[in-house]
Structure formats: C-alpha cells, structure tokens
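1. got a predicted structure plus its sequence, pasted below:
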Amino acid sequence: MVRNTPLIGTWELVAWYNETHGGERIYPLGERATGYISYSNDGFVFVHLSAADRALYVLNDPFGGTADEDAAAIKSQITYAGPFEFFGDHVIHRVTHSSCPNWVGTEQRRMVEFKGEGLRLSAAGALFQGEEVTAIVDWQRAIQ
C-alpha cells in the first residue's frame with residue numbers, strides 16, 4: 001500500500017532530548033547523538049539512534065562481545081521498525097522489531113510537527129529511567 005504523506009523519505013537526527021516536568025533537558029545519547037528515521041511508501045518505518053562515540057568491541061565480532069561490551073552497546077543506541085499510520089498531527093509506529101524487547105507488539109504514538117523543512121516528533125508521558133518525560137526528537141531531511 002502506497003502512503004502519500006509528508007513523512008515519506010529519510011530524515012537525519014538533529015537532536016533528541018527528554019524534557020522533565022521541571023523543564024530540565026536530558027540527552028539520553030548525548031548532545032551529539034546521530035541517527036535516521038525512514039518512512040517508506042509501503043507503510044513501514046525504520047529508526048536507529050546512537051551515541052556519537054560508542055565504545056568498540058575488542059574483537060570485530062558482533063556476537064563475540066563481553067557482557068560489559070554488550071551492555072555498553074545496547075545502552076548507546078536504540079532501534080525499532082514496523083508499520084506506521086499517519087494521522088496529520090500524529091503518527092503511530094506499530095513496533096514489530098526493536099532493540100528494546102518490551103516495545104515489540106506496542107504502538108508508539110508520536111505527535112508530528114513540521115517546522116519549515118524540519119520535522120519534530122514528540123511523545124508526552126514517555127518513561128525514561130523511571131521518570132515520565134516528554135521525548136522530543138528533531139529531524140531534517142537526509143542528504144546524500
């Protein structure tokens with residue numbers, strides 16, 4: 001099914017921060033985090049966000065890391081994918097795959113705001129380290 005929405009395409013991360021009820025900004029992956037979100041015409045979304053300077057494994061083997069290396073790798077990125085549905089002021093991501101196993105089978109609702117050439121996705125009531133926050137993610141169209 002073709003989706004003709006202004007979301008279609010690949011967007012590059014500008015910033016991701018969580019805002020507390022007190023107005024504090026927390027950058028879960030640091031202020032230099034990188035990533036992409038891509039919305040396809042066939043109705044799927046793919047997201048990958050990561051810290052800028054992730055620690056490397058000692059061996060070049062994605063399944064050969066130590067427990068400490070694996071913990072650092074998982075805590076320095078987040079990824080998920082699945083079908084999406086756009087409703088104008090919000091989008092629902094129906095998660096089928098995720099680096100956070102608890103997200104699989106959930107619907108991730110994001111408010112949508114177009115700011116000039118940019119895109120802001122936000123989620124009020126997001127849980128971050130035991131506290132409810134508003135997650136704010138700013139994107140710009142990716143350029144090759």
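-> In hand now; what should we look at?
2. rest of the way, CA atoms for contacts and neighbours
-> Will do.
3. quick one: the helices in this structure?
-> Counting by DSSP state H, one finds helices in the chain at the ranges 67-75.
4. low-confidence regions, the chain specifically.
-> Across the chain, the ranges flagged by pLDDT under 70 are 1-3.
5. which residues of it fall in strands?
-> In the chain, the segments counted as strands under DSSP state E are 9-19, 25-26, 34-39, 44-50, 77-86, 90-94, 97-98, 107-115, 118-128, 131-141.
6. now do the same contact list for the closest residue to residue 49 other than its chain neighbours.
-> For residue 49, the nearest residue in space outside its immediate sequence neighbours is residue 35; the separation is 4.2 Å by CA to CA, 6 or more residues apart in numbering. Contact criterion CA atoms under 8 Å, 6 or more residues apart in numbering gives 12-13, 47-50 as the residues in contact with residue 35.
7. again, only this time at 6 Å
-> Shown in contact with residue 35 (CA atoms under 6 Å, 6 or more residues apart in numbering): 12-13, 48-49.
8. redo those residues as JSON lines? Include neighbour count.
-> Supplementary listing: the contacts of residue 35 in JSON lines, determined by neighbours: other CA atoms under 10 Å:
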{"residue": "12", "neighbour count": "20"}
{"residue": "13", "neighbour count": "22"}
{"residue": "48", "neighbour count": "18"}
{"residue": "49", "neighbour count": "19"}
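9. in CSV: the strands of the chain, plus distance to residue 58.
-> What follows is the strands of the chain, written out as CSV (distance: least, CA to CA, whole Å):
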stretch, distance to residue 58
strand 9-19, 28
strand 25-26, 30
strand 34-39, 23
strand 44-50, 19
strand 77-86, 18
strand 90-94, 35
strand 97-98, 25
strand 107-115, 35
strand 118-128, 30
strand 131-141, 32
